[in-house]
Every structure is written in C-alpha cells, then in structure tokens.
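[1] Sequence below, structure please.
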Amino acid sequence: MVTFTGRAAAPAHVLVRIVDRESVLLNLETEKYFGLDETGTRMWLLITASPNLDAAYQQLLAEFDVEPELLRTNLTELLGRLVENGLIQVLPADVGTAAAV
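    Numbers count the residues shown, from 1 in each chain. Model prediction:
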C-alpha cells in the first residue's frame, strides 16, 4: 500500500524519456516499458520532484480540475502500477535527504 507521506524516487535501472509531454519509462533489468500520456507524465514529474507524495497530490489538485478523491484514486493506482513494475520506489520522506544523513 502506497502512503502519501513517503516520497517517490526512480531507481537507477529506470530510463525515462519525455517527448512532447508524454513519456516512456524503461526498466533496464526486466526490459519492460511503460508509456505515460500527458497527465501521467505530469504526475511522474511531480511525484519524483516533490518532498513527499502528498505535496505532489496537492500540486496536481491545484493544476487540474478534478475531484480530490478521483485524483487520489488515480494517483494511487498509477503509483501502484509503477511500483509493481519496478519503475519507482516509495521511500520514507526523510530517507536520502540531508536531514537523514
């Protein structure tokens, strides 16, 4: 189960290419790839750049005209599929940050 208190990070074995607001994620270990449309790509960019998943969720709420629960459901489903396919890791928010060192 993905919690929004953690933060997302792309593992070193994941290659990401963004073209015209869409993206392709490739797991170099399994050779599986995953395509994201414009909305999914924006989600990816925010979840991998935000200090935690809730911050990314709040930013998405501000950018898109969507019901909060629908966005939470869609983001949770996307995160689950990305984790399941080894394309993203969800870590505690303070792991790997300067405060944790």
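[2] The nearest residue to Val14 once chain neighbours are set aside - how many residues pack around it?
    Nearest in space to Val14, with sequence neighbours left out and distances taken as Cβ to Cβ, 6 or more residues apart in numbering, is Leu87 at 5.3 Å. Glycine gets a C-beta too; all of them are placed from N, C-alpha and C. A count of nearby residues for Leu87, using other Cβ atoms under 10 Å, gives 25.
[3] Would you mind measuring from the closest residue to Leu82 other than its chain neighbours to Pro11?
    In space, and not counting its chain neighbours, Leu82 is closest to Ile88: 4.1 Å by Cβ to Cβ, 6+ apart. Distance of Ile88 to Pro11, computed by Cβ to Cβ, to the nearest Å: 7 Å.
[4] same check, this time on Val83
    Counting by Cβ to Cβ, the gap from Val83 to Pro11 is 10 Å.
[5] any residues in contact with both of the two?
    Gln89 (Cβ atoms under 8 Å, 6 or more residues apart in numbering).
[6] start to end distance for stretch 61-74?
    End-to-end distance of stretch 61-74: 12 Å, with Cα to Cα, to the nearest Å as the criterion.
[7] what about that stretch, distance to the chain center?
    Relative to the centre of its chain, stretch 61-74 is centred 15 Å away, using Cα atoms, centre = their mean, to the nearest Å.
[8] for the record, mean pLDDT for it?
    The pLDDT scores in stretch 61-74 average 97.
[9] Buried residues in that stretch, which are they?
    By 16 or more other Cβ atoms under 10 Å, the buried positions in stretch 61-74 come out as 72, 74.
[10] Not counting that stretch itself, show me its contacts.
    Counting by Cβ under 8 Å, 6+ apart, 4, 39, 42, 57, 60 sit against stretch 61-74.
[11] what about 6 Å?
    Leu60 (Cβ atoms under 6 Å, 6 or more residues apart in numbering).
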